[in-house]
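Asks: coords below, sequence missing:
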């Protein structure tokens, strides 16, 4: 068994490797590239995929394409684990109303927002051009559209690493476990 770690940051991959015992380095493959367009693996070759804090930085078509690629890469019965942000994360003020309005309007990607329109001034220079927010109504739909069976959806917060000012209701993040 091996672990393949992918990230767009070589620094993050180096930190990961430094935390792995040297005796296990032969079981660790590090890939510095962008999901999904730059990653390609053999079909039915991976038993589990963990995508954490990634998809909210992708456009809708990249998300759909990425989930389809994950489905192809996983072995039958393989698992997909996802973690992403929701409209309830506290750095975005009053975004829930916009999200719900876009969802009621029938937009395919209602969580697509321009984050600088909803955040405090001190965050504006740190944020990307767009971001995707997800809920228990939308994220499972995108995953099942790729062929997966959703086993569990859960809202949660990071008690340790998320600043108290950014917590709202314990639903700042969403996770999914899905099976091929």
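Replies: On my side now, so go ahead. What you see is a predicted model, and the numbers here were worked out from it, not measured in a lab.
Asks: so where's the chain uncertain?
Replies: Scanning the chain for pLDDT under 70 picks out 160-167.
Asks: can you do 80?
Replies: By pLDDT under 80, the weakly predicted segments of the chain are 1, 90-94, 119-124, 158-170.
Asks: In it, which helix is the longest?
Replies: Counting residues, the longest helix found in the chain (DSSP state H) is helix 60-73.
Asks: From residue 129, how far out is the residue of the chain most remote from its centre?
Replies: Distance from the C-alpha centroid of the chain peaks at residue 23, with 30.2 Å (CA atoms, centre = their mean). When distance is defined by CB to CB, to the nearest Å, residue 23 is 43 Å away from residue 129. The way it works is simple: take the backbone N, C-alpha and C, and place the C-beta from them, glycine included.
Asks: Also residue 151?
Replies: Residue 151 is 33 Å from residue 129, by CB to CB.
Asks: Which one's more surrounded, those two?
Replies: Shown here are residue 151 and residue 129; by other CB atoms under 10 Å, residue 151 has more neighbours (11 against 8).
Asks: which residues touch the more buried one?
Replies: Residue 151 makes contacts with 177, 178, 179, as judged by CB atoms under 8 Å, 6 or more residues apart in numbering.
Asks: Hmm, residue 80 and the first one touching each other?
Replies: Yes - with contact taken as CB atoms under 8 Å, residue 177 and residue 80 are classed as touching, separated by 7.4 Å.
Asks: Which one of those two is surrounded by more residues?
Replies: residue 80 (25 against 17).
Asks: What is the end-to-end distance of stretch 84-103?
Replies: Taking CA to CA, to the nearest Å, stretch 84-103 runs 18 Å from one end to the other.
Asks: Ok, stretch 135-148 next?
Replies: End to end - CA to CA - stretch 135-148 spans 17 Å.
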